[in-house]
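just need the structure, nothing else, for what follows:
(chains A and B)
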Amino acid sequence: MSSHQTKESSFLGGRIPPEVESMSRYLKDASLTLDQDTFRKILKALVSSIEGRDCREVMRHIAESSVIPEEKLSHIVAGMYRVLTEAIRIPTSSLKQEAFKEDLRELRIPEDFITDFASVVFGSRRAALEAVTSERDPHLPTLDELRWRVDVTISTSSLARALQPSVLMQIKLSDGSLQQFEVPVSKFQELRYNVALILKEMNDLEKKSVLQIQD
Amino acid sequence: MASIFKETQSIKEAVAFINAIDVNKFSRLISRIIQKLHLKGERILSEDEELKLQAALSLEKPALTLVLETVSFILEQAVYHNVKPASLQQQLEAVHVSPDKAEVFTQTWASAGPELVDKLRQTVFAPKKLEHVGWQLNLQMAQSSQAKLKDPSAVLQLGLRAEDSEAQENIFVEFSHQELLEFYNKLEIVQGQLDSLT
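Predicted structure coming up:
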């Protein structure tokens, strides 16, 4: 164990995933001659796939035009995919580019490929990748759109002079549902008060020193 | 103010019956009617209660129905025009309701009337009404796609009830800090509109 290493284990965890092991084995294998061009094509297709697009056509094309046997190629692709997803999971505040590269060097992955990996994980598309993968995780519906109307009821069939204000709200949620409902003025105040209260609590929470620690 | 009801034939008949009822029993009857007045479509008295009342007041079914309908009508008109108790008493006596009954009517109206008017003011025509606001503040630590988060997130529970149903429908909406802030800003704009009305 070299004395200059301060981090515990690789970003891939204590035990390197098997597909990453086999990938690094094949990448080192000179007889396989995986050229950088093909590597980059695969990388691009994987990024596309992570972003949610169908890349089967592209992958098939790559497999057909490559001299590498399909089985070995699939190990390489699986390993590359794992490296990307695991790295994207960890916030850039925790996993720095140098540490990432070091971890990959320990697996004896060729330096050129490491640079390419790093350019995806720490490049400009990182934020978009995080956003897309985050959407697939379980969460409650969020507010897509809020439309509202303030009415004053002048009179009704029961009251000649009602003069009662009320708020009509229509909310569209991220799961596609649409809800329309009236909010009596007193309830509206309650809603507003509660939202302000939550915001205050969020602010207090974010200031707590426990949360300032970077891990 | 203009009279809120005219002395029609059916009112004359009803008044005759009303005047014959014992004043205490009448007082209880009016209180009961005024309690149920805001509930559209519901019977004021159950079948059983009506039968018992017929016996207690010595009224046949048609007579009792007329009395109930007339008293309800008078009260609905009183609510609609939001008449003052004194004015109501005057108008009752103008259609020959005996003074003791008119007094009882007026007293009940004076005490229970304002609440009834208020309740009707709040009645909603919209399909659903917001009845309950609940919330939960969470700190999200991780998810499948992201480790080491420290994201506060709030879940807002909105309890909606349709006008004619008892069941409350709950909607849950999740907000990040930024999303909640945007929501709050919208609420502030609405508040501004409400403020400009007063």
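
for the biggest helix by length in chain B, packing partners?
When chain B is scanned for its longest helix (criterion: DSSP state H), the result is helix B:99-121. Applying 3 or more CB pairs under 8 Å, 6 or more residues apart in numbering or on different chains; DSSP states H and E, we find helix B:99-121 packed against helix B:23-36, helix B:61-81, helix B:85-94. C-beta coordinates here come from the backbone N, C-alpha and C atoms, glycine included.

can you pull the buried residues of the last one?
If I follow you right, that is helix B:85-94. Residues of helix B:85-94 classed as buried: B:85, B:87-89, B:91-92 (neighbour count, 16 or more other CB atoms under 10 Å in any protein chain shown).

again with stretch A:183-197
Counting neighbours by 16+ other CB under 10 Å, stretch A:183-197 gives A:183-185, A:187-188, A:191-192, A:195 as buried.

so which of these comes closest to B:Lys119?
Of all the buried residues of stretch A:183-197, A:Pro184 has the smallest distance to B:Lys119: 11.9 Å, by CB to CB.

gap between that closest one and chain B?
Between A:Pro184 and chain B the distance is 6 Å, computed by CB to the nearest CB, to the nearest Å.

likewise A:Val20?
For A:Val20, the distance to chain B - CB to the nearest CB - is 17 Å.

look up how far B:Thr108 lies from B:Ala20.
Distance of B:Ala20 to B:Thr108, computed by CB to CB, to the nearest Å: 19 Å.

in chain B, where is pLDDT below threshold?
Along chain B, segments meeting pLDDT under 70 span B:1-2, B:38-42, B:124.

A:Ala131: how many residues sit nearby?
Residues contacting A:Ala131 under the criterion other CB atoms under 10 Å in any protein chain shown number 11.

low-confidence regions, chain A specifically.
In chain A, residues with pLDDT under 70: A:1-8, A:30, A:209-215.

ok, which stretches of it are strands?
Listed in chain order, the strands of chain A (DSSP state E) span A:143-153, A:164-173, A:178-184.

output the ones you listed as CSV; include the columns distance to A:Ile109.
Formatted as CSV, the strands of chain A follow (distance: least, CB to CB, whole Å):
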stretch, distance to A:Ile109
strand A:143-153, 42
strand A:164-173, 44
strand A:178-184, 50
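
about what we covered before: which SSE is immediately downstream of the longest helix of chain B?
Counting by DSSP states H and E, the element after helix B:99-121 in chain order, helix or strand, is strand B:128-140.

would you mind measuring from the residue nearest to A:Lys72 when sequence neighbours are not counted to chain B?
Excluding its sequence neighbours, the residue lying closest to A:Lys72 (CB to CB, 6 or more residues apart in numbering or on different chains) is A:Tyr26, at 5.2 Å. Note on A:Tyr26: its distance to chain B, by CB to the nearest CB, is 27 Å.

mind listing what A:Tyr26 touches?
A:32, A:34, A:72, A:75-76 (CB atoms under 8 Å, 6 or more residues apart in numbering or on different chains).

rewinding a little: how distant is the longest helix of chain B from the center of its chain?
14 Å (CA atoms, centre = their mean, to the nearest Å).

and what of stretch A:94-106?
Worked out by CA atoms, centre = their mean, stretch A:94-106 lies 20 Å from the chain centre.

near chain B at all, it?
Yes: with CB under 8 Å from any CB of the partner chain as the measure, stretch A:94-106 is seen reaching chain B through A:Ser94.

show me what counts as buried in that stretch.
So, applying 16+ other CB under 10 Å, buried residues of stretch A:94-106: A:95, A:99-101, A:103-104.

next step: the residues you listed restricted to helices.
Going by DSSP H, the helices hold A:99-101, A:103-104 from these.

got the contact list for residue 73?
Because you didn't say which chain, this covers chain A. A:Leu73 touches A:62-63, A:66, counting by CB under 8 Å, 6+ apart.

oops, I was thinking of chain B
B:Phe5.

from chain A, how far off is it?
13 Å.

what residues are up against residue 50?
With no chain named, the answer covers chain A. Counting by CB under 8 Å, 6+ apart, the residues that A:Ile50 touches are A:81, A:84-85, A:88, A:129, A:132-133.

if you could check chain B rather than the one you did, that'd help
Contacts of B:Glu50 (CB under 8 Å, 6+ apart): B:61, B:64.

got it, and B:Asn19?
B:96-98, B:101 are the contacts of B:Asn19 under CB under 8 Å, 6+ apart.

show the buried residues in the residues you listed.
B:97-98, B:101.

just give the number of residues close to residue 117.
Looking at chain A here, since you left the chain open. Neighbours of A:Phe117 (other CB under 10 Å): 20.

hmm, I had chain B in mind actually
18.

do the same with A:Leu84
19.

which element, helix or strand, includes B:Glu169?
B:Glu169 belongs to strand B:168-176, assigned by DSSP H and E.
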